[in-house]
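Novice: only geometry, no sequence info:
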């Protein structure tokens with residue numbers, strides 16, 4: 001099931017190298033086409049969708065990705081484990 005963020009809560013989405021993780025900003029006609037192509041590719045994982053409109057008004061119910069109404073929140077939530085590792089090493 002998908003999750004949604006509220007203005008006070010930003011969830012963290014782990015990003016993996018394999019399959020490659022993708023997020024789509026804008027869920028209009030073209031954004032939905034991108035999301036569909038990502039979900040059809042076995043080497044890809046759709047982890048986030050973002051649009052200013054409410055999820056229920058976009059026709060994207062079939063996508064099991066976290067939905068955001070704010071691009072900055074989506075970008076903050078998507079993290080690369082390699083960056084986490086580099087930051088940890090730097091703190092040692």
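Specialist: The structure has been received and is ready for your questions. What you see is a predicted model, and the numbers here were worked out from it, not measured in a lab.

Novice: quick one: contacts for the residue lying closest to residue 78 once chain neighbours are set aside?
Specialist: Of all residues not flanking residue 78 in the chain, residue 13 sits nearest, at 5.0 Å (Cβ to Cβ, 6 or more residues apart in numbering). Backbone N, C-alpha and C define where each C-beta goes, glycine included. Residue 13 is in contact with 21, 23, 47, 48, 66, 77, 78, 79, counting by Cβ atoms under 8 Å, 6 or more residues apart in numbering.

Novice: with residue 48 instead?
Specialist: The contact partners of residue 48, by Cβ under 8 Å, 6+ apart, come to 13, 22, 23, 24, 65, 66, 67, 68, 74, 77, 78.

Novice: if we go to 7 Å?
Specialist: By Cβ atoms under 7 Å, 6 or more residues apart in numbering, residue 48 lies in contact with 13, 23, 65, 66, 68, 74, 78.

Novice: same check on residue 38?
Specialist: 22, 44, 46.

Novice: any chance of TSV for the contacts of residue 13, columns secondary structure, distance to residue 38 and pLDDT?
Specialist: Formatted as TSV, those follow (DSSP: H, G, I helix; E, B strand; the rest coil; distance: Cβ to Cβ, whole Å; pLDDT from 0 to 100):
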residue	secondary structure	distance to residue 38	pLDDT
21	strand	9	90
23	strand	9	95
47	strand	9	94
48	strand	11	96
66	strand	14	95
77	helix	17	90
78	strand	14	84
79	strand	19	74
